[in-house]
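Q: okay, structure incoming, though there's no sequence with it:
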């Protein structure tokens, strides 16, 4: 087609009010109606508009992936995110320097989201690679929010991979790495946004509660949680680019986890009950986490019936959200309960439910 044919189709579309697409016109052609228009400039502008559209599309895919992270869904969504990440990498390499920053920020967020997806399916190598690259991109940008959020996410990686380890030595190594990254992220906590700041305090308490033999360490964990509580009750829970949430449920759930570590089971039970009161129905992965914590609390109290029942509920939701990581945690729970009483009917029921009995 030559420019005249485009112009004629533009006129027909306007006169007859026909959707441009039916005349093989992109709507962007309709904004140019001056016959003196330089069509080279039109296509230069269109290139920019298409680039803008691509960026917006990638943002939408990121948002879709974030929903999958919290609520589960078809596993192909994680695949779409990973495919888009692989397309983003050469784009960021080839862009002019003046245009790279916003695309690199997007790339960093894709790395973080893909880190979480790889962790959920327990792909250790991919998880650690994505986490490392997200930190590298954040440091290249010298973006404090991204640096803090990438280190935060790698702390979570170490904690969750620690749960999957079978060797006590490997568990300890994971904990030491988590501590190193916790110290790194705490350097940025004062400059972090409220949601990220609160989550940093909570994860710091979680990390150090796992090895809190000294009273001073326990006091520090409680101090971090108090700082997080101040943020929770002063700010509205809103989603942001960190893929994190900070609300009363998160606060009281994290308190329950540390109280279990400290052997304060009645207080932990109270915190779990408070966490459930504000738990949103659509945050399915959070439901799994609360059931797992409840199961661990009952296990610590030698309540095999309660622990097995909570484990079954966690497993059901883990299957719905397609989280092998959480399924494995339930299987490890069953192994622990079985070692306490292999003939317990509730433990046997859990084993039957998860296909291990």
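A: That came through, no problem. As the structure is a prediction and not an experimental result, all values here were calculated from the model.
Q: where in this protein is pLDDT low?
A: Across the chain, the ranges flagged by pLDDT under 70 are 1-4, 17-23, 25-52.
Q: if we use 50, what do you get?
A: Where the chain drops to pLDDT under 50, the residues are 1, 34-36, 39-40, 42-47, 49.
Q: after the helix or strand where residue 202 lies comes which helix or strand?
A: With secondary structure defined by DSSP states H and E, residue 202 is part of helix 194-209. The helix or strand immediately downstream of helix 194-209 is helix 215-234, counting by DSSP H and E.
Q: buried residues in that next one?
A: Judged by neighbour count (16 or more other Cβ atoms under 10 Å), helix 215-234 contains these buried residues: 218, 220-222, 224-225, 227-229, 231-232. All C-beta atoms are positioned from the backbone trio N, CA, C, and that covers glycine.
Q: now stretch 93-111
A: Residues of stretch 93-111 classed as buried: 100, 103-111 (neighbour count, 16+ other Cβ under 10 Å).
Q: got it, and stretch 263-279?
A: Within stretch 263-279, the residues that count as buried by 16+ other Cβ under 10 Å are 265, 268-269, 271-272, 274-275, 279.
Q: tabulate those (TSV), appending secondary structure and distance to residue 146.
A: Rendered in TSV, the data for the buried residues of stretch 263-279 read as follows (DSSP: H, G, I helix; E, B strand; the rest coil; distance: Cβ to Cβ, whole Å):
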residue	secondary structure	distance to residue 146
265	helix	39
268	helix	34
269	helix	38
271	helix	32
272	helix	33
274	helix	33
275	helix	29
279	coil	29
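Q: possible to save the residues you listed as TSV with distance to residue 187?
A: Output for these, formatted as TSV (distance: Cβ to Cβ, whole Å):
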residue	distance to residue 187
265	34
268	30
269	35
271	29
272	32
274	31
275	29
279	32
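Q: which elements pack onto the helix or strand hosting residue 136?
A: Counting by DSSP H and E, the element that carries residue 136 is helix 124-141. For helix 124-141, the elements it packs on are helix 97-120, helix 144-164, judged by 3 or more Cβ pairs under 8 Å, 6 or more residues apart in numbering; DSSP states H and E.
Q: hmm, 10 Å instead?
A: Judged by 3 or more Cβ pairs under 10 Å, 6 or more residues apart in numbering; DSSP states H and E, the packing partners of helix 124-141 are helix 76-94, helix 97-120, helix 144-164, helix 168-186.
Q: which of these sits most buried?
A: The highest mean neighbour count among the helices and strands packed on helix 124-141, using mean count of other Cβ atoms under 10 Å, belongs to helix 144-164: a mean of 22.
Q: so where do the helices sit in the stretch 201-350 of the chain?
A: Counting by DSSP state H, counting those that start in this stretch, the stretch 201-350 of the chain has these helices, from start to end: 215-234, 248-261, 265-277, 284-300, 304-320, 324-340, 345-353.
Q: nearest to residue 74, out of those?
A: Each of these was checked against residue 74 via Cβ to Cβ, and the shortest separation belongs to helix 304-320, namely 11.3 Å.
Q: mind putting the helices of the stretch 201-350 of the chain in a markdown table, distance to residue 91 included?
A: Compiled in a markdown table, the helices of the stretch 201-350 of the chain are given as follows (distance: least, Cβ to Cβ, whole Å):
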| stretch | distance to residue 91 |
| --- | --- |
| helix 215-234 | 36 |
| helix 248-261 | 34 |
| helix 265-277 | 41 |
| helix 284-300 | 30 |
| helix 304-320 | 35 |
| helix 324-340 | 30 |
| helix 345-353 | 46 |
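Q: out of these, the one nearest residue 145 is which?
A: Closest approach to residue 145 among those is made by helix 215-234 (15.3 Å; Cβ to Cβ).
Q: just to revisit the earlier point, and the furthest pair within the buried residues of stretch 263-279?
A: With distance counted by Cβ to Cβ, no two of the buried residues of stretch 263-279 lie farther apart than 265 and 279, which are 20.6 Å apart.
Q: how many residues are close by residue 238?
A: The local packing count at residue 238 equals 11, with neighbours defined by other Cβ atoms under 10 Å.
Q: rewinding a little: same list, the buried residues of helix 215-234, but as TSV with distance to residue 115 please.
A: Output for the buried residues of helix 215-234, formatted as TSV (distance: Cβ to Cβ, whole Å):
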residue	distance to residue 115
218	30
220	27
221	25
222	29
224	23
225	25
227	26
228	23
229	28
231	24
232	25
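Q: nearest to residue 195, of those residues?
A: Of all the buried residues of helix 215-234, the one sitting nearest residue 195 is residue 231; the distance, using Cβ to Cβ, is 8.1 Å.
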